[in-house]
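Peer 1: coords please:
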Amino acid sequence: MDTISWRNDLWHDRETLRELIEVMDLITPEHDRKLQRLRHEILDKLESPINSENKKVLLFSAFADTAHYLYRQLAPALKEAAGVDLGLVTGKSRPNSSPRRSSPQNRCQDHRVRLPLISRRRSAGCLGCAPPRV
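Peer 2: Next up is the predicted model:
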């Protein structure tokens, strides 16, 4: 076994990983173009709905981590900008919008939440729910 080449390759791999981590640290929510575009699209929909009674948005994600990230980043901004509450339902978390309620149907019908974020594992529980009234 050529341990000298192996050690040299490992050192280069470590340096490559360090560089990747440094670049990843530069990506913050303020520089996340997809997040900023989503925020802009949601605010536009709330300000100019297709019909005046429809100010609801559903966001689905296959990944709970993505749903949590979007919730952390969008909830305060949307509350401040438009006065709307954002809900989060994932397969591992309890709904944060209404802790007293337990069924997925009740989570969907929480009238305070206009923007529920739903990850894939729980999304089936909201099928057939009546949309929340605004």
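Peer 1: tell me the mean pLDDT for the longest helix seen in the chain?
Peer 2: The helix that spans the most residues within the chain, counting by DSSP state H, is helix 3-25. Averaging pLDDT along helix 3-25 gives 95.
Peer 1: mind listing what's buried in it?
Peer 2: For helix 3-25, burial by neighbour count (16 or more other Cβ atoms under 10 Å) applies to no residue. Bear in mind the C-beta positions are built from the backbone N, C-alpha and C, glycine included.
Peer 1: ditto for stretch 45-56
Peer 2: Lys45, Leu46, Lys55, Lys56.
Peer 1: Now the terminal residues of that stretch, how far apart.
Peer 2: Stretch 45-56 stretches 8 Å from its first residue to its last (Cα to Cα, to the nearest Å).
Peer 1: low-confidence ranges in the chain?
Peer 2: 93-134 (pLDDT under 70).
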